[in-house]
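# Provided below are the primary sequence and the corresponding predicted coordinates.
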2 protein chains.
Amino acid sequence: MAQAVNERQAAALLAQSDRILILCHQKPDGDTLGSGFALLYALLAMGKTARIACPDGFPPRYCFLYPGFVPERQPDFTPSCIVAVDVADLQLLGAWAGRLAGKIDLCIDHHPSNTGYAARLLLDAKAAATAEIIDRVLRELGAQVDYRIAVCIYTGLATDTGCFRYSNTTPASHLLAARMMEHGIDSYRINKLMFETKSPARMELERMVMDTLEYYENKRIAFIAMTLDAIEKTGVPEEDMEGIAAIPRQIEGVDAAVTFQQKGPERWRVSMRSSQYVDASAACARLGGGGHARAAGCTLEGTLEAAKARVLGVLRDVLGTQDSLKAEGSQGGKDLVV
Amino acid sequence: MAQAVNERQAAALLAQSDRILILCHQKPDGDTLGSGFALLYALLAMGKTARIACPDGFPPRYCFLYPGFVPERQPDFTPSCIVAVDVADLQLLGAWAGRLAGKIDLCIDHHPSNTGYAARLLLDAKAAATAEIIDRVLRELGAQVDYRIAVCIYTGLATDTGCFRYSNTTPASHLLAARMMEHGIDSYRINKLMFETKSPARMELERMVMDTLEYYENKRIAFIAMTLDAIEKTGVPEEDMEGIAAIPRQIEGVDAAVTFQQKGPERWRVSMRSSQYVDASAACARLGGGGHARAAGCTLEGTLEAAKARVLGVLRDVLGTQDSLKAEGSQGGKDLVV
């Protein structure tokens, strides 16, 4: 298992190293990229030899984090120190996992699920983003935050907090955002790009998915379906589907919002989000799945209609027995049957 | 015209007054309500007699700002001091405007367009929300920020910055958010309610509007239409339509996003948002409207098809003549004609 280190120890390791390789996780997001490039820029400014790598490359969507960056033009060297940022599990290094096993010197991360695969682990599960921890490491290093680094850290923070909406957001997240904004970054453009820009294909997929919206039990249950047919027709890549499953969750008054995502001809991934009146974990457990009280899932085999019928059966049961408001004076939730 | 005052002078006026009436603007939003109730709670805690009023009443959507509040149970008195918060124009007091003319003692606002209708005006156009200014007035008053006040100020700030996304967001906005969060408020629930909760009717209207999405000129132009028929069928009230016009603006690569909102049998309100390649103001001016370079509008008479044809004609012209990238080596944008 990894040795736990603090910011000062992590900074000391980096300060005494040269030829540093920084690793981001596969399917890279704003936090792994923002954290990785913030660290890279700081190390380069300190005169160190360093490079960054990601098993899936560097997506154009985040090009504002690395203007003019050409991965192949980075210095080639045998690293003396390998640092993984925001990488919770060695497997998230994809095809590289095998040959990197036992070779990661330091991991900087905020995922409580971190498997401790690195020699040293700087973990703060209370940080909303790994970028928050990187900022503290840079301070220990005495590195100057410049405009580019501020863009990277702000982006990591904004993406992992859903622009300060998610419950992981803390006062410290806002204080860090304020400090990064002092560097004159254009947070409006960053957020527009991260949260408000959709490809025409994604827009079309959303439209098709919204057309499948169905309600049951006085609109207390909402279902949407995302079929392989819709995904193929629109050509939306997996990494661009984030948030589509959240559509039914936004509807006022819905106690159980369920997304059926087709994974094979007769295979459906069921994602359930619930209000306080429904235990999603218990409902999904009855269908062979599991999860948390407010967010759970399962996988069902069969036609879409059969999958819907099974989920609906369990939810009707759960609503009938668990909802004290409606159950009062009624018999086993009979009044809820459509 | 109003006498300009600073936070200290506004606080002094409030400190020496009793029987204070606080006014919010019609079609109340999170900022006018958050600002108004924050001020109300602080004045009541100081032992003052005060009440709050809004020409459109207090919407249930914001009930978390005023738990248990019953407007009619407020003390009845002839006010000695009338304060308008976030009210840029006397007309925004709706039916009350006439009898309140010349009677507002103090206006606290952040709209640069404030008409100066009050005797004294505390205006900071750089504040992202009136709630930011209220916070400073409370500090001058020596008022203690408690949990309820923190919820109000955070909500005003979050709603007027689009949860820290809009370009009006400053480092000061984040610092204030951090300070309010220290009071233990549930910012996740507030933001979920403000930004991620849609009525089933609104969801249905969005679905109908998305079904009208059309592209032209290699997807550089996007049109959506919101008909009176769709509005009537879904029964979505005006105040619940915010953001629907923004749908086509989110599409990647679109240089001109246009929403046609039906205002009468043959009357269309056209809203145009554009990228740097299109001057929306110039385009709308040619259709009898106006606005800013990136956001403009006009009103057209006739059928929807005729309105679309007119807008498309102007935009094709603008794209053909203004887009140096595409026009290069081509003749008057001919290659752009669908």
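Thanks, I have the structure now.
# going forward, measure contacts between C-alpha atoms and count neighbours the same way
Fine.
# stretch A:62-80: which residues count as buried?
With burial defined by 16 or more other CA atoms under 10 Å in any protein chain shown, the residues of stretch A:62-80 counted as buried are A:Y62, A:L65, A:Y66, A:P79.
# looks to me like A:T299 is in a strand.
Yes - assigned with DSSP: H, G, I helix; E, B strand; the rest coil, A:T299 falls within a strand.
# check contacts around it.
Each residue near A:T299 by CA atoms under 8 Å, 6 or more residues apart in numbering or on different chains is listed here: A:R267, A:W268, A:R269, A:V270, A:L287, A:G288, A:G289.
# next: A:P265.
Contacts of A:P265 were listed using CA under 8 Å, 6+ apart, and none were found.
# the helix or strand hosting A:A10 packs against which elements?
Using DSSP states H and E, A:A10 maps to helix A:7-16. Under the contact definition 3 or more CA pairs under 8 Å, 6 or more residues apart in numbering or on different chains; DSSP states H and E, helix A:7-16 sits against helix A:130-141.
# angle of the helix it packs on against helix A:7-16?
Angle of helix A:130-141 versus helix A:7-16, following axes from the mean of the first three to the mean of the last three CA atoms, to 10 degrees, is 70 degrees.
# and the next helix or strand past helix A:130-141?
Downstream of helix A:130-141 (by DSSP H and E), the next one is helix A:147-160.
# that next one close to chain B?
No - using CA under 8 Å from any CA of the partner chain, helix A:147-160 stays clear of chain B, coming no nearer than 9.6 Å.
# what are the buried residues along that helix?
In helix A:147-160, counting by 16+ other CA under 10 Å, buried: A:148-160.
# likewise stretch A:116-127?
Those would be A:G116, A:Y117, A:A118, A:A119, A:R120, A:L121, A:L122, A:L123, A:D124, A:A127, for stretch A:116-127 by 16+ other CA under 10 Å.
# let me know the closest of those residues to chain B.
Within these, proximity to chain B (CA to the nearest CA) peaks at A:A127, which comes in at 14.5 Å.
# list the contacts of the residue nearest to that closest one when sequence neighbours are not counted.
Using CA to CA, 6 or more residues apart in numbering or on different chains and skipping residues adjacent in sequence, the residue nearest A:A127 is A:H110, 5.9 Å away. Counting by CA under 8 Å, 6+ apart, A:H110 touches A:D86, A:L123, A:D124, A:A125, A:K126, A:A127, A:A128, A:A129, A:T130, A:I133.
# and A:L33, by the same measure?
A:L33 touches A:C24, A:L65, A:C152, A:G156, counting by CA under 8 Å, 6+ apart.
# do A:D124 as well
With contact taken as CA under 8 Å, 6+ apart, A:D124 is in contact with A:D109, A:H110, A:H111, A:P112, A:I133.
# now for A:R136, how many residues are close by?
Neighbours of A:R136 under the rule other CA atoms under 10 Å in any protein chain shown: 15.
# excluding residues flanking it in the chain, which one is nearest it?
Per CA to CA, 6+ apart, closest to A:R136 is A:E7, 6.6 Å.
# contacts only, for that neighbour.
A:L122, A:I133, A:R136, A:V137, A:E140.
# what's the burial count for A:A45?
A:A45 has 12 nearby residues by other CA under 10 Å.
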